[in-house]
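> Fold the following for me, if possible:
(2 chains)
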Amino acid sequence: MTQLISLFTSAVTFGTIIMFGALGEILTEKVGHLNLGVPGIMYMGGISGLLAAFFYQNAGGTSPILGLILSLLACFLGAALGGLIYAFLTITLRANQNVTGLTLTIFGGGVANFFGGSLNALSGGVGQISVALTAQAYRVRIPVLSDAGVIGKLFFSYGFMAYLAIIMAVVMSYFLNRTRPGLHLRAVGENPGTADAAGINVTKYKYLTTCIGAGISGLGGVFYVMDYIKGTWANDGILEGLGWLAVALVIFATWKPLRAIWASYLFGLVYWAYMYIPGLGRSSQEIFKMLPYVVTLVVLIIVSLRKKRENQPPAALGLSYFREER
Amino acid sequence: MSTVTTTREPLIRISKRGGVLPAWKSWGIRLIGLALSLVVCGLLIVALIGINPLKVYGTIIDGALGTSKRTWVTIRDSMTMLCIAVGLAPAFKMRFWNIGAEGQILVGGIATAACMIYLKSLPTFLLLIIMIAVSLLAGAVWGFLPGFFKAKWNTNETLFTLMMNYIALQLTSFFVAKWETPYGSNKVGMINATGHEGWLPNLFSDGFNKDFGWNVVIVLAVTLFMYLYMNKSKHGYEIAVIGDSENTARYAGIRVNKAYVRTIVLSGAICGLAGFIAVSGASHTISTSTAGGRGFTAIIVAWLAQFNSVVMIIFSFLLIILEKGAQAIASQYGLSQEVSEMITGIILFFILGSEFFVNYTLRFRGKKVTK
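Coordinates of the predicted model:
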């Protein structure tokens, strides 16, 4: 029983990281941009948040809350900056989206690991960077409820960002399906030519959505850095793998924010399942770690087999739009 | 009507260039982009560590080509990169988004390493031939799966190949744990470090690891083959037509689905061969970083070179020289090696952006349009 509970909680924590990544990417893809730079964006978000906390604490800041707010802001801005690079290249300069996204992944990973690895050397310190003070603020649990037995453990033992992710998914679902700007956004993603003719400012929608989407994806990065690995930096490429899982999750959730909630937890369960299956050797554990990817592949194939209209990607996904080109 | 609102002409208008630019002009634009990116990278490095930018470029050249050993390593890594890019080119020319080179390299590498471990009693020549064959086969299988589903049910190949990367990565972890020496290290270590069975030998001298001549020979042979295949064969022509317009190809009677599967199998096989070169010809070991992101970088090499073989050679060298140089800077100043990825990213951004100016022109307000 305790094993099941700990599996569930680690699945939720893990799922939260990729849920943020996937939510941002869903928004971006809904406006017609396949951004393969999610891993890079999550890296940039994570390192920006870490840097803000690092400089705040180095400057003598002692308020965990302020550190948290600063790092959240920096994370969003840093990730949105990655989105802006991507947006400028693919929207204004009409570069190929896949290639630009991959480049962003290389760039973001480089930037993050460079600063994460050499920040202390650059600012004259030694050893590994650590921002325990701010990380604690991220990891504060709900006071009374988190101690309330099994229920408390299952539902209330997470940092605030786990709940933020759920709220964000619900809000995004409402925004996309029930509001006018959401409708416009989807129209741009389905057919930018028609949307343009209807008087929607295609360029504005694309820029705003790509940058905000990137910012949201970046929150996954900061959650990973601050909550998951407790305010340090690990140069092990795990965040990149999580970024690709977020891209996979978008397909798994068939571009629906609400579906991303349970799907991300399911990914978490599948990802950690190997820890709880008795009698696995170290090498066969590795085979079990394939599961999330295999499951995504199966979903990908099933989606393409069934061809249900409501499960298809936005029609203009991956195509750049030039008004004078008919 | 008296209330006529006049809108001013916008400051800058974008229009598509009529016709195709002459080659010198389009490559000139790309070169300008490259030069700009180098300036930006130089400035960035100066801002970070505050040394003379010219000295930075000196260090880069020294780090990549300073000694004959370094030069050979640079050549070796450029050839591996070129092999991957050459493998990816036909798939991408057909607009088949094979993001899965990483996985194809890894399975090729696993197959190679398996031969080195289990078949080391065979004579060297035979062993090398078998290794090449199985690495080609492993890559081909890894390419066949997404190709088959794309042809059959139009499954998105970008995401399919992406997932195949991670399956290959876990497979690699599995074999690393299985073959680890010494026990518990979770590293395979140099395979056959004493007998050198299955190591690609030197071309110009005796022994191993002094020159990497055979890597060059194999990769250039593959490049030549691919050049002829793409430009002189019927298959190559079909690839070009499908890449420009799938509907046209179908109308012209090309069997598109067959071409998809055939091309991606070829593409995967050559990436698998790159895995052979990485394991047998370079690292002599297998790990999860055997592909090390090169499968992604090579996509950009192939794409930016517009699948032109000669340009791919130049780009491969350029990127690897920068990578080695950046690593030299990093180790000299005690910084992270990842500075090279950051620099690579910046350069690629600029070259990607310069593509815009090859295809479009800007017209400024008030300037007469001359045509």
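
> residue boundaries of the strands in the stretch 251-371 of chain B?
For the stretch 251-371 of chain B, the strands defined by DSSP state E, counting those that start in this stretch occupy B:360-364.

> Likewise for chain A?
Counting by DSSP state E, one finds no strands in chain A.

> quick one: low-confidence parts of chain A?
Along chain A, segments meeting pLDDT under 70 span A:120-129, A:145-146, A:326.

> cool, and the stretch 201-350 of chain B?
B:207-208.

> Could I get the full set of helices for it?
B:213-232, B:234-244, B:246-251, B:256-278, B:294-304, B:309-332, B:339-359 (DSSP state H, counting those that start in this stretch).

> Reformat the ones you listed as CSV; add distance to residue A:98.
(Each C-beta comes from the backbone N, C-alpha and C, glycine too.) Formatted as CSV, those follow (distance: least, Cβ to Cβ, whole Å):
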stretch, distance to residue A:98
helix B:213-232, 21
helix B:234-244, 14
helix B:246-251, 17
helix B:256-278, 16
helix B:294-304, 8
helix B:309-332, 18
helix B:339-359, 11
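
> can you list those in JSON lines and add mean neighbour count and distance to chain A?
Putting the helices of the stretch 201-350 of chain B into JSON lines (neighbours: other Cβ atoms under 10 Å in any protein chain shown; distance: least, Cβ to the nearest Cβ, whole Å) gives the following:
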{"stretch": "helix B:213-232", "mean neighbour count": "17", "distance to chain A": "19"}
{"stretch": "helix B:234-244", "mean neighbour count": "17", "distance to chain A": "13"}
{"stretch": "helix B:246-251", "mean neighbour count": "13", "distance to chain A": "14"}
{"stretch": "helix B:256-278", "mean neighbour count": "26", "distance to chain A": "14"}
{"stretch": "helix B:294-304", "mean neighbour count": "26", "distance to chain A": "5"}
{"stretch": "helix B:309-332", "mean neighbour count": "20", "distance to chain A": "8"}
{"stretch": "helix B:339-359", "mean neighbour count": "22", "distance to chain A": "3"}
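
> So for residue A:309, which of those helices sits nearest?
Closest of those to residue A:309 is helix B:246-251, at 21.6 Å (criterion: Cβ to Cβ).

> Just the C-alpha atoms of the closest one, please, in PDB.
This file holds the C-alpha atoms of helix B:246-251, laid out as PDB (Å, rounded to 0.1, in the frame of the first residue of the first chain):
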ATOM      1  CA  GLU B 246       3.600  14.400 -53.600                       C
ATOM      2  CA  ASN B 247       0.500  14.800 -55.700                       C
ATOM      3  CA  THR B 248       2.600  15.500 -58.800                       C
ATOM      4  CA  ALA B 249       4.600  12.400 -58.100                       C
ATOM      5  CA  ARG B 250       1.400  10.300 -57.700                       C
ATOM      6  CA  TYR B 251       0.000  11.800 -60.900                       C
END
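
> which residues are contacting it?
Here helix B:246-251 makes contact (Cβ atoms under 8 Å, 6 or more residues apart in numbering or on different chains) with B:95, B:238, B:241, B:242, B:256, B:259.

> Tell me the one of those nearest residue B:20?
residue B:241 (17.8 Å).

> list the contacts for the closest one?
Residue B:241 neighbours (Cβ under 8 Å, 6+ apart): B:248, B:249, B:252, B:254.

> go on, residue A:47?
Contacts of residue A:47 by Cβ under 8 Å, 6+ apart are A:78, A:111, A:112, A:115, A:116, A:221, A:225, A:233.

> In PyMOL, how would I select the buried members of those?
Here is the PyMOL command that selects only those of the contacts of residue A:47 that count as buried (16 or more other Cβ atoms under 10 Å in any protein chain shown):
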select buried, chain A and resi 78+111+112+115+116+221+225+233
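
> Please list which of the contacts of residue A:47 also come close to chain B.
Restricting the contacts of residue A:47 to those near chain B by Cβ under 8 Å from any Cβ of the partner chain leaves A:111, A:112, A:116.

> Now flag whichever of those is closest to chain B.
Chain B lies nearest to residue A:111 out of the ones next to chain B among the contacts of residue A:47, by Cβ to the nearest Cβ, at 5.1 Å.

> Please report how far that closest one lies from residue B:98.
26 Å (Cβ to Cβ, to the nearest Å).

> In JSON lines: the contacts of residue B:241, plus distance to residue A:60.
Below are the contacts of residue B:241 laid out as JSON lines (distance: Cβ to Cβ, whole Å):
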{"residue": "B:248", "distance to residue A:60": "67"}
{"residue": "B:249", "distance to residue A:60": "66"}
{"residue": "B:252", "distance to residue A:60": "72"}
{"residue": "B:254", "distance to residue A:60": "69"}
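
> Next, give me the two most distant ones among those residues.
Taking Cβ to Cβ as the measure, those reach their widest spread between B:248 and B:254, a distance of 8.7 Å.

> can you pull the contacts of the nearest residue to residue B:293 once chain neighbours are set aside?
In this structure, residue B:293 finds its nearest non-sequential neighbour in residue A:106, 6.8 Å apart by Cβ to Cβ, 6 or more residues apart in numbering or on different chains. Contacts for residue A:106 (Cβ under 8 Å, 6+ apart) come out as A:40, B:293, B:296, B:297, B:341, B:344, B:345, B:348.

> wait, doesn't the fourth one sit right on residue B:80?
No. Taking Cβ atoms under 8 Å as the contact criterion, residue B:297 and residue B:80 are not neighbours in contact, 10.7 Å apart.

> Spell out which residues of the stretch 1-150 of chain A are next to chain B.
By Cβ under 8 Å from any Cβ, the part of the stretch 1-150 of chain A that sits against chain B consists of A:34, A:36, A:85, A:89, A:92-96, A:98-100, A:102-114, A:116-118, A:121-122.

> Need the buried ones from those selected in PyMOL.
Listed next is the PyMOL selection for buried residues among the residues of the stretch 1-150 of chain A next to chain B, using 16+ other Cβ under 10 Å:
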select buried, chain A and resi 34+36+85+89+93+94+95+96+98+99+100+102+103+104+105+106+107+108+109+110+111+112+113+114+116+117+118
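
> now, which of the residues of the stretch 1-150 of chain A next to chain B lie within helices?
The members of the residues of the stretch 1-150 of chain A next to chain B that map onto helices under DSSP state H are A:85, A:98-100, A:102-114, A:116-118, A:121-122.

> so how many other residues sit close to the residue nearest to residue B:240 when sequence neighbours are not counted?
In space, and not counting its chain neighbours, residue B:240 is closest to residue B:93: 6.5 Å by Cβ to Cβ, 6+ apart. For residue B:93, the neighbour count with other Cβ atoms under 10 Å in any protein chain shown is 21.

> follow-up on the earlier one: quick check: the farthest pair among the contacts of helix B:246-251?
Spanning the widest gap among those are B:95 and B:238, at 12.9 Å by Cβ to Cβ.

> and the residue nearest to residue B:61 when sequence neighbours are not counted, what is it in contact with?
The shortest distance from residue B:61 to any non-neighbouring residue, by Cβ to Cβ, 6+ apart, is to residue B:325 (6.7 Å). Residues counted as contacts of residue B:325 (Cβ under 8 Å, 6+ apart) are B:57, B:59, B:60, B:61, B:62, B:63, B:64, B:340.

> Walk me through the domains of chain B.
According to automatic domain parsing, chain B comprises the domains B:11-51+B:338-371, B:69-332.

> Using JSON lines, lay out the contacts of helix B:246-251 together with distance to residue B:202.
Converted to JSON lines, the contacts of helix B:246-251 look like this (distance: Cβ to Cβ, whole Å):
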{"residue": "B:95", "distance to residue B:202": "41"}
{"residue": "B:238", "distance to residue B:202": "40"}
{"residue": "B:241", "distance to residue B:202": "43"}
{"residue": "B:242", "distance to residue B:202": "42"}
{"residue": "B:256", "distance to residue B:202": "45"}
{"residue": "B:259", "distance to residue B:202": "40"}
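
> Great, nothing more from me.
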